[in-house]
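Undergrad: Got a predicted structure plus its sequence, pasted below:
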Amino acid sequence: MTTIEAGTELPPLTVTIRREDLVRYAGASGDFNPIHWNDRMAIALGLPGVIAHGMLTMASAARVVTDWLQNPADLVEYGVRFTKPVVVPDDDKGATVTFSAKVDKVVDGSAEIDITAIFGDEKVLGRARAVVRVS
C-alpha cells in the first residue's frame, strides 16, 4: 500500500451476484426469506423482483477496502445504510454492482473511507464508511 492521505482513491471492484449466490448466502446465513429466491413473493410484497440479501451487498462493499489493505484485520469499523435493493434477475447475467472508495480523512493512525455502491444507475448503499488502521 502506498501513502494514505485524504483523497486517495482505492481500486474499484465489480461484483456480479447471481441467483445461485443468493442460495449459497441463504445457506450460510440462515436467511431463507422468500424475497431472496421467489419472484412471486417478492413482487407481492412490493419489490421489483428477487433481491440480494442486504448483508451480502454490505459484505461485497467491504471487499473494496479489504482487498486494498495489506492486512484485512486493519478494518476496525464498518457501517452502511441500505437505500435501494439489488434486484437479481433469474438469468445467467445476474446483477452487477460496482464499488468504489475514497479516503475522506486520516487522523491519529486511522483512515476514514467512504464507499459508493452502484447498481444500474443508482446508489444502493448510503453512508457506507469504513475506518481502517494505518501506520
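TA: Cool, got the structure.
Undergrad: Counting by contacts, list what the helix or strand containing D21 packs against.
TA: Counting by DSSP states H and E, the element that carries D21 is helix 19-29. Here helix 19-29 is seen to pack against helix 54-66 when contacts are counted using 3 or more C-beta pairs under 8 Å, 6 or more residues apart in numbering; DSSP states H and E. No exception for glycine: its C-beta is placed from N, CA and C like everyone else's.
Undergrad: in this structure, which spans are strands?
TA: Taking DSSP state E, the strands of the chain run over residues 9-17, 75-82, 95-107, 110-119, 122-123, 125-133.
Undergrad: now the fourth one against helix 54-66, angle please.
TA: Counting by axes from the mean of the first three to the mean of the last three C-alpha atoms, to 10 degrees, strand 110-119 lies at 130 degrees to helix 54-66.
Undergrad: which residues are in contact with strand 110-119?
TA: Strand 110-119 is touched from outside by 4, 10, 57, 60-62, 64-65, 76, 80, 84, 86-87, 95-106, 123-125, 128-134, with contacts defined as C-beta atoms under 8 Å, 6 or more residues apart in numbering.
Undergrad: Quick one: mean pLDDT for that strand?
TA: Per-residue pLDDT values across strand 110-119 average out to 98.
Undergrad: in it, what's buried?
TA: Of all the residues in strand 110-119, those buried under the rule 16 or more other C-beta atoms under 10 Å are S110, A111, I113, I115, T116, A117, I118, F119.
Undergrad: roughly how far apart are the residue located most distally from the centre of the chain and A6?
TA: Centroid-distance maximum for the chain: D108 at 26.7 Å, with C-alpha atoms, centre = their mean. From D108 across to A6, the span is 14 Å (C-beta to C-beta, to the nearest Å).
Undergrad: do P34 as well
TA: The gap separating P34 from A6 is 44 Å, by C-beta to C-beta.
Undergrad: For this protein, which residue occupies the most central location?
TA: The chain, centroid-nearest residue using C-alpha atoms, centre = their mean: A61 at 2.6 Å.
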